[in-house]
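1. One predicted model, sequence on top.
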Amino acid sequence: MGVSKQQAAENRKAIIAASEKLFREHGIDGVGLSALMKAAGFTQGGFYNHFESKEALAAEVVATAMDKANHDLKEAIAAPIAPGGNRLRRQVDYYLSGAHCSDIEQGCAVAGLTADVRRLGNEAQASFANGLQEMIEILTALVAEQRADGMDSEEARREAIAFYSEMVGALILSRAVGGANPELGQEILDASRQTLLRDFALEVTGGKR
């Protein structure tokens, strides 16, 4: 008996989800089809029923991960905040926390996939670029909301790009050294967090930074 369309779609989703976790942990080139399918609960022989190639799978993994990342970011920003709180500060505190740094499988998709994207095909690179573009637009609106000094949209976008780039860079560096030198890994997170809070997530009082 053949597999229903609904079941085939669920199986495909399972393969994508399992692959994303393994790609984040080991890199796309560091995981074979056998390991991917085993993690998803299927045999290797069934892979080509769902994807033309590993590169095609990687492209879908990137697209799915970036879509989810932007959905989660929007939800996180929209979440209620305590009186006197600061949405940008909340994002910095979360992103540069030890818990997020340790959560390679479920944490930031950009930090988790950046190293591999440049070696993938055009489709995966385009999905990553489109997802990052949307993420920057979301953060640009957040930066503009944070600032109370008449910042124009171009300046807000520049600040959002710098803000996000520093967070991602700090997270990647902290993860890279955390195993061998956890103190340095934490120092990187703390230093970047303090700088970002000083430069981008200042409290607004009376319309002034």
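-> Structure's in. What do you need? Numbering: from 1, shown residues only.

2. Who are the contact partners of Ala170?
-> Residues near Ala170 by Cβ atoms under 8 Å, 6 or more residues apart in numbering: 96, 188-189, 191-193. Bear in mind the C-beta positions are built from the backbone N, C-alpha and C, glycine included.

3. 7 Å instead?
-> Shown in contact with Ala170 (Cβ atoms under 7 Å, 6 or more residues apart in numbering): 96, 188-189, 192.

4. Dump those residues to a markdown table, plus distance to Leu73.
-> As requested, the contacts of Ala170 are exported to a markdown table (distance: Cβ to Cβ, whole Å):
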| residue | distance to Leu73 |
| --- | --- |
| Leu96 | 15 |
| Ile188 | 22 |
| Leu189 | 19 |
| Ser192 | 18 |
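
5. Make CSV out of these and add neighbour count, secondary structure and distance to Leu36.
-> CSV is the format used below for those (neighbours: other Cβ atoms under 10 Å; DSSP: H, G, I helix; E, B strand; the rest coil; distance: Cβ to Cβ, whole Å):
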residue, neighbour count, secondary structure, distance to Leu36
Leu96, 23, coil, 31
Ile188, 23, helix, 32
Leu189, 23, helix, 31
Ser192, 20, helix, 33
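
6. can I get these in a markdown table with pLDDT?
-> As requested, those are exported to a markdown table (pLDDT from 0 to 100):
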| residue | pLDDT |
| --- | --- |
| Leu96 | 97 |
| Ile188 | 98 |
| Leu189 | 97 |
| Ser192 | 96 |
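
7. Which secondary structure state does Ala156 sit in?
-> What DSSP: H, G, I helix; E, B strand; the rest coil gives for Ala156 is helix.

8. Number of residues surrounding the nearest residue to it once chain neighbours are set aside?
-> Nearest non-adjacent residue to Ala156, counting by Cβ to Cβ, 6 or more residues apart in numbering: Ala144, 4.1 Å away. Neighbour count for Ala144, taken as other Cβ atoms under 10 Å: 18.

9. Could you check which helix or strand contains Ala144?
-> helix 122-146 (DSSP states H and E).

10. Can you name every helix or strand that that helix contacts?
-> Secondary-structure packing of helix 122-146 (3 or more Cβ pairs under 7 Å, 6 or more residues apart in numbering; DSSP states H and E): helix 54-78, helix 87-95, helix 109-117, helix 153-178.

11. Kindly compare burial across those and name the winner.
-> helix 109-117 (a mean of 20; mean count of other Cβ atoms under 10 Å).

12. buried set for the helix holding Ala144?
-> For helix 122-146, burial by neighbour count (16 or more other Cβ atoms under 10 Å) applies to 124, 127-128, 131-132, 134-136, 138-140, 142-144, 146.

13. Show the average pLDDT along that helix.
-> Per-residue pLDDT over helix 122-146 has a mean of 94.

14. In CSV, list the helices and strands packed on helix 122-146 along with mean pLDDT.
-> Output for the helices and strands packed on helix 122-146, formatted as CSV (pLDDT from 0 to 100):
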stretch, mean pLDDT
helix 54-78, 95
helix 87-95, 93
helix 109-117, 93
helix 153-178, 95
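
15. Next one: the closest residue to Gly41 other than its chain neighbours from Ala58, what distance?
-> Distance criterion Cβ to Cβ, 6+ apart; nearest residue to Gly41, sequence neighbours excluded, is Ala14 at 6.6 Å. Distance of Ala14 to Ala58, given as Cβ to Cβ, to the nearest Å: 16 Å.
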